[in-house]
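Chemist: can you look at this prediction? I've put the sequence above it.
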Amino acid sequence: MKTAFITGISRGIGKAAALRFLQEGYQVIGTSTSGKSSIEHSACECLTLSLDRPESIKSLIQYLADSGQELQVLVNNAAVLLENWSNPVVNMDFLRRTFAVNIIGTVELTEGLLPFLVSGQSHIVNISSGWGSFSEKGFGANVPHYKMSKSALNMYTKLLAERLKNQGIGVYALDPGWVKSDMGTQAAERHPKEVAQEILNLLDDKPSGHFWHRDQIRPW
Ligand SMILES: NC(=O)c1ccc[n+]([C@@H]2O[C@H](COP(=O)([O-])OP(=O)(O)OC[C@H]3O[C@@H](n4cnc5c(N)ncnc54)[C@H](OP(=O)(O)O)[C@@H]3O)[C@@H](O)[C@H]2O)c1
């Protein structure tokens, strides 16, 4: 049985992705900050992870190492958007807290999980955002902390894809669009289930090192 590791399965896109992978017959190892999720399935385990706490990342990696875990899929989904959507002013506290989860913790976790990914048949999907793009139409100065964190995640995606290209591990950044969730609000246009399917579609021999949106490569 293949195993997908998905961060942030307590709600939103991460929960929808976990349910979709379970439907496909994967074992799912997910995370939330409380270690709880509402998914009740014998093939789903939810572990405690706070990406802004290095000791939390280390103990999760140790737990997987102790159980001899192999992974075929890593979905870096968990993230925070702390700021008011209309504010363009940089606040150093928000910047530090946003980077701690969305980039530093995400990179630290990914680097720690690389030895668990099976060469030749594994995939890493980084859930990014159109707000991390340099080519957005109507680019605005708002949401600076989140935008900077997601553009850094995009660069990590490209770097990692290059690094892992001879190991048969595909690395993808996914712009999910505006999605109904606690982060996206219920006013958003897309359902998390649509994004869950797009994550799965990326595992189907798609070229590594690109930024995807609705099953198409989009400009960074
Ligand atoms: N919704 C949108 O419109 C939209 C648009 C573009 C990109 N995205 C991206 O899509 C992904 C999922 O977003 P979503 O809308 O589903 O968000 P969400 O509903 O707010 O869910 C966020 C998830 O991240 C986890 N999380 C939060 N802080 C964490 C921390 N410090 N350490 C570890 N996990 C943490 C949460 O776990 P707890 O429940 O334990 O807090 C939760 O499971 C994110 O990467 C987001 O940036 C979303």
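Modeler: Okay, I see it. Numbers count the residues shown, from 1 in each chain.

Chemist: what pLDDT is listed against the residue of the chain found nearest the ligand?
Modeler: Checking the chain residue by residue against the ligand with CB to the nearest ligand atom singles out Gly12 as nearest, at 2.1 Å. (C-beta placed from N, C-alpha, C; glycine too.) Predicted confidence (pLDDT) for Gly12: 98.

Chemist: pull the contacting residues for it.
Modeler: For Gly12, the contacting residues are 179, 181-184, 192, taking CB atoms under 8 Å, 6 or more residues apart in numbering as the criterion.

Chemist: just the buried ones from those residues?
Modeler: When the contacts of Gly12 are checked for burial by 16 or more other CB atoms under 10 Å, the buried set is 179, 181, 183-184, 192.

Chemist: Asn76: which of the residues you listed is nearest?
Modeler: Met183 (14.9 Å; CB to CB).

Chemist: and the closest residue to that closest one other than its chain neighbours, backbone torsions?
Modeler: Closest residue in space to Met183, ignoring its immediate chain neighbours: Leu81 at 5.2 Å, by CB to CB, 6 or more residues apart in numbering. In terms of degrees, to the nearest 10, the main-chain angles of Leu81 are phi -130, psi 100.

Chemist: let me see the contact set for Leu81.
Modeler: If a contact means CB under 8 Å, 6+ apart, then Leu81 has 98, 143, 146, 183 as its contacts.

Chemist: any idea of the pLDDT on Tyr146?
Modeler: At Tyr146 the predicted local confidence, pLDDT, stands at 98.

Chemist: packing partners for the longest helix anywhere in the chain?
Modeler: In terms of residue count, the longest helix belonging to the chain (DSSP state H) is helix 144-163. With contacts taken as 3 or more CB pairs under 8 Å, 6 or more residues apart in numbering; DSSP states H and E, helix 144-163 sits against helix 92-99, helix 106-113, strand 122-127, strand 169-174, strand 210-213.
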